[in-house]
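[1] Here you go, sequence then predicted model.
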Amino acid sequence: MNAIPASHTDLLERPLFAHLATSREDGWPQVNPMWFAWDGTNLKLTARPSGTSTRTSREIRRSRFPSTTLTSRTGTLRSGGR
C-alpha cells in the first residue's frame, strides 16, 4: 500500500468524490465515483455491508493495481504515489 503524501491530505478532509479504478474481468478499465472517509491513516471507500459482494468489490480483489484519485473542485492537479 502506498503512503499518501502530506501535501495531499487536505483533499482527504474535504467533501469530494474519490474515483476508484479497477480492471474488469475482460481486462477493460472500470472507474467508479465513490464517497470516502479518511480517518487520518486509512482511506475507506463506500461499500456494501460485510458478507455481500458487488462487482466493484470483486474487481478490487482481482485487480493487481487498483487506483484511487480525488478531484478537487478547483481543477488543481497533484501527483503522488508510484
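    That came through fine. Source: prediction; values computed, not measured.
[2] What is the least confident helix or strand in this structure?
    Using mean pLDDT, DSSP states H and E, the weakest-scoring helix or strand in the chain turns out to be helix 55-62, at a mean of 76.
[3] where in the chain is pLDDT low?
    1-2, 47-53, 75-82 (pLDDT under 70).
[4] can you give me the helices for the chain?
    Assigned by DSSP state H, the chain shows helices spanning 9-12, 55-62.
[5] hmm, back to that, show residues contacting the least confident helix or strand of the chain.
    Residues outside helix 55-62 that contact it (CB atoms under 8 Å, 6 or more residues apart in numbering): 20, 22-25, 30, 32, 47-48, 66. Bear in mind the C-beta positions are built from the backbone N, C-alpha and C, glycine included.
[6] likewise stretch 14-21?
    Here stretch 14-21 makes contact (CB under 8 Å, 6+ apart) with 29-36, 43, 45, 56, 60, 66-73.
[7] Nearest residue to the middle of the protein?
    Closest residue to the average C-alpha location of the chain: Thr68 at 3.1 Å, with CA atoms, centre = their mean.
[8] what's that one in contact with, if anything?
    18-21, 36, 43, 45.
[9] returning to that earlier point: counting only strands, which of the contacts of stretch 14-21 make the cut?
    Using DSSP state E, the subset of those located in strands is 29-34, 36, 43, 45, 67-70.
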